[in-house]
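J.: Following is a predicted model, sequence given first.
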Amino acid sequence: MKSYFLSDQNLSAFVEGLMSKYPVIAPVAKRSRFVFEKLVDASELRLDYDTTILPPKKVFFPAKQDLIHFDQHGFTCCIDPTEQVLLGAHPHDIKGIAMSDIFYSDRHCDNNYMANRKATTIIGSSVQNHYKHAFFGTMNAERPLTGHDLFMTAIEGGFAVDVVTERGEALLPLGTFEPATEAQVAAAVEVNRKAEEDCPEKLNGTAEEIREKVRTSFKSPVWEAFAEKCFSCGSCNIVCCTCYCFDVQDEWNVDGVSGSRFRLWDACLTREFSEVTSPGGSENFREERGERYRHRFMRKAAYLNEQLGGPACTGCGRCSGACTANIANPTTVINKLLEQ
Ligand code: SF4
Ligand code: SF4
């Protein structure tokens, strides 16, 4: 892998170079938090962010996405991706994107997601500040980092920049890079190792131990005990890098003959998610809060673990921070199950 050095002084010029060719989606400050948003000015970029309110999946899978527009003559597809750059995704968020790539292409290809994904060049960046709930050092840490094109690690005086793909390499003429020294490459490896070691929260089991323990805990009283406090708000789903469920709805225009079919992020913790119509009424196949609460952990730690070869969780900690009831933290729940 080729590695280069980008000095702190040359960062802005590189970002401006990117912005001259593409929309650049990157972490920017929003009050006391951070969000991924299209840069208007290079100075908005905050590579020192701890986490963003929503994960970068929104770049490929927006919270609301038109699928088709229709009228009395037929319909037109809404897939129309823009070539863009996602700059500053943390390693665990890149792993979340790689997991989503599998969810959206395995068995049945989701062209609405994949078109945006293929049109996006990803530049990752090292974690400079930890989110207080992060545990990515012990969650899928062994999963290889794939799917990005360049990776920037903050080291003394600038960034060590690893070239991962030809698409990433093609961006280098937009900045002033020099070959990285062996010492700079070694410093970058140490920075990323330390970022994992310094995670504030930790899981105590391997991917296999977690899968076995969660799967065999289906009847554990743990679910009900935590779920007692659950508001069924779905926030833990909405902020998650690896939640990918959506609801499809139609919206008619006032002319009564045309409209749009769109999809919205959905959340399995909400009561409506598992409600279906049946002759003469409706049926809810996860009526109880405890069933819905358990389902989230079963999906991430057991069922999808089998598909991915590791839990469908990146250890970002967003769910812990989003939960008003303070019961969504995977380390608390899974470590408790592992102790039993
Ligand atoms: S379950 Fe929580 S920690 Fe894991 S990826 Fe989703 S939001 Fe992040
Ligand atoms: S965020 Fe917390 S309260 Fe809301 S659905 Fe998830 S676990 Fe329940």
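T.: In hand now; what should we look at? Ligands and ions are numbered 1, 2, ... in the order given.
J.: rest of the way, CA atoms for contacts and neighbours
T.: Fine.
J.: part of a helix, is Gly137?
T.: No: following the definition DSSP: H, G, I helix; E, B strand; the rest coil, Gly137 is coil and is not counted among the residues of a helix.
J.: Before we move on, what's the pLDDT of it?
T.: For Gly137, the model assigns a pLDDT of 97.
J.: How is this structure divided into domains?
T.: Segmentation of the chain into domains, based on automatic domain parsing, reads 3-197, 207-339.
J.: wait, what's in contact with the most centrally placed residue in the chain?
T.: Among the residues of the chain, Cys241 comes closest to the average C-alpha position under C-alpha atoms, centre = their mean, at 2.7 Å. With contact set as C-alpha atoms under 8 Å, 6 or more residues apart in numbering, Cys241 has these partners: 54-57, 93, 96-97, 313-314.
J.: Would you list the buried entries among the residues you listed?
T.: Neighbour counting over the contacts of Cys241 (16 or more other C-alpha atoms under 10 Å) leaves 55-57, 93, 96-97, 313-314 as the buried ones.
J.: What's the separation between the most far-flung residue of the chain relative to its centre and Glu287?
T.: Distance to the chain centre peaks in the chain at Gly280, reaching 39.8 Å (criterion: C-alpha atoms, centre = their mean). For Gly280, the distance to Glu287 under the criterion C-alpha to C-alpha, to the nearest Å works out to 18 Å.
J.: Can you classify Glu209 by secondary structure?
T.: Of the three states, Glu209 takes helix according to three-state DSSP.
J.: And for it, the neighbour number?
T.: Neighbourhood size, Glu209 [other C-alpha atoms under 10 Å]: 13.
J.: what does the one 10 residues further on give?
T.: Residues contacting Lys219 under the criterion other C-alpha under 10 Å number 10.
J.: Residues of this structure that sit close to ligand 2?
T.: If contact is defined as C-alpha under 6 Å from any ligand atom, the residues of the chain in contact with ligand 2 are 230-236, 269, 322-325, 327-328.
J.: Show me which of those residues is closest to ligand 1.
T.: Closest approach between the residues of the chain next to ligand 2 and ligand 1, by C-alpha to the nearest ligand atom: Cys236, at 6.3 Å.
J.: For the residues of the chain next to ligand 2, please prepare JSON lines with the additional fields distance to Thr76.
T.: JSON lines is the format used below for the residues of the chain next to ligand 2 (distance: C-alpha to C-alpha, whole Å):
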{"residue": "Cys230", "distance to Thr76": "41"}
{"residue": "Phe231", "distance to Thr76": "39"}
{"residue": "Ser232", "distance to Thr76": "36"}
{"residue": "Cys233", "distance to Thr76": "34"}
{"residue": "Gly234", "distance to Thr76": "32"}
{"residue": "Ser235", "distance to Thr76": "33"}
{"residue": "Cys236", "distance to Thr76": "34"}
{"residue": "Leu269", "distance to Thr76": "33"}
{"residue": "Ala322", "distance to Thr76": "37"}
{"residue": "Cys323", "distance to Thr76": "39"}
{"residue": "Thr324", "distance to Thr76": "41"}
{"residue": "Ala325", "distance to Thr76": "43"}
{"residue": "Ile327", "distance to Thr76": "43"}
{"residue": "Ala328", "distance to Thr76": "40"}
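J.: And the strands in the protein?
T.: Under the criterion DSSP state E, the chain carries strands at the ranges 3-7, 24-30, 33-38, 64-71, 74-77, 84-89, 120-125, 150-155, 158-163, 178-179, 246-252, 259-265, 275-278, 281-284.
J.: tally of neighbours for Val127?
T.: Using other C-alpha under 10 Å: Val127 sits among 24 other residues.
J.: And the helices in this structure, which stretches?
T.: Counting by DSSP state H, residue ranges of the helices within the chain are 8-21, 91-105, 111-118, 166-169, 182-197, 207-215, 222-227, 235-238, 289-297, 304-308, 318-322, 330-339.
J.: Specify the angle between the longest one and strand 150-155 in degrees.
T.: Between the direction of helix 182-197 and that of strand 150-155, the angle (axes from the mean of the first three to the mean of the last three C-alpha atoms, to 10 degrees) works out to 90 degrees.
J.: Check the offset of helix 182-197 from the chain's centre.
T.: Mean-position distance between helix 182-197 and its chain equals 23 Å (C-alpha atoms, centre = their mean, to the nearest Å).
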